[in-house]
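Peer 1: how would this look folded up:
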Amino acid sequence: MAAKPTSFRPVSFNIYLAGRAPWRARVHGRRELAPPPMSEAKLSRDVVVTNSQGLHFRPADLISKKAREFQAKIELVRGHERIDARSILEISTLGAVPGTMISIEAVGPDAESALEALAELFAAKFYEDQPDTP
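Peer 2: Sure, this is the predicted structure:
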């Protein structure tokens, strides 16, 4: 009788293609970019979701559009979950309700300005809680 495995551990490996970005393929997971070279520093900033409805599709759209304006690789981190800031679907499935603390992490040539722009969106409550003008 064969013994049952007690746990499964995801296996990851890097794929390098000539002239293309290195991709990290993960078994039991989605494809994502390999970690940046050690020469690029990762910058981060903590923000709190303060708008009344949390991160639903409208704020997710604003975040992803803003993230696409920059060359930096930008991720949102909540607890142990790390998502790409360019993906509306991933942002909306983050489940960030009002009061949730999120870390914005960026790596790349314009990482500092990307963090500043995204933090400004969070601080402005994604322009949702402003009173309507007649």
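
Peer 1: Which residues belonging to the helix ranked longest in the chain are considered buried?
Peer 2: Longest helix in the chain, counting residues (DSSP state H): helix 111-123. Judged by neighbour count (16 or more other Cβ atoms under 10 Å), helix 111-123 contains these buried residues: Ala111, Ala114, Leu115, Ala117, Leu118, Leu121, Phe122. All C-beta atoms are positioned from the backbone trio N, CA, C, and that covers glycine.

Peer 1: Take the residues you listed and lay them out in TSV including distance to Lys66.
Peer 2: TSV is the format used below for these (distance: Cβ to Cβ, whole Å):
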residue	distance to Lys66
Ala111	14
Ala114	8
Leu115	11
Ala117	5
Leu118	6
Leu121	6
Phe122	11
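
Peer 1: export those to CSV and tack on distance to Glu75 and pLDDT?
Peer 2: Shown next, in CSV, are the buried residues of helix 111-123 (distance: Cβ to Cβ, whole Å; pLDDT from 0 to 100):
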residue, distance to Glu75, pLDDT
Ala111, 11, 95
Ala114, 11, 96
Leu115, 11, 96
Ala117, 15, 97
Leu118, 11, 97
Leu121, 15, 95
Phe122, 15, 96
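
Peer 1: Nearest to Ser44, out of those: which one, please.
Peer 2: Nearest to Ser44 among the buried residues of helix 111-123: Leu115, at 7.5 Å, using Cβ to Cβ.

Peer 1: Which residues are in contact with that closest one?
Peer 2: Leu43, Ser44, Arg45, Ile104, Ala106 (Cβ atoms under 8 Å, 6 or more residues apart in numbering).

Peer 1: how would you label the last one: helix, strand or coil?
Peer 2: Local secondary structure at Ala106 is given as strand here, using DSSP: H, G, I helix; E, B strand; the rest coil.

Peer 1: For it, list each beta-bridge partner.
Peer 2: Beta bridges link Ala106 to Leu43, Ile74 when assigned by DSSP bridges.
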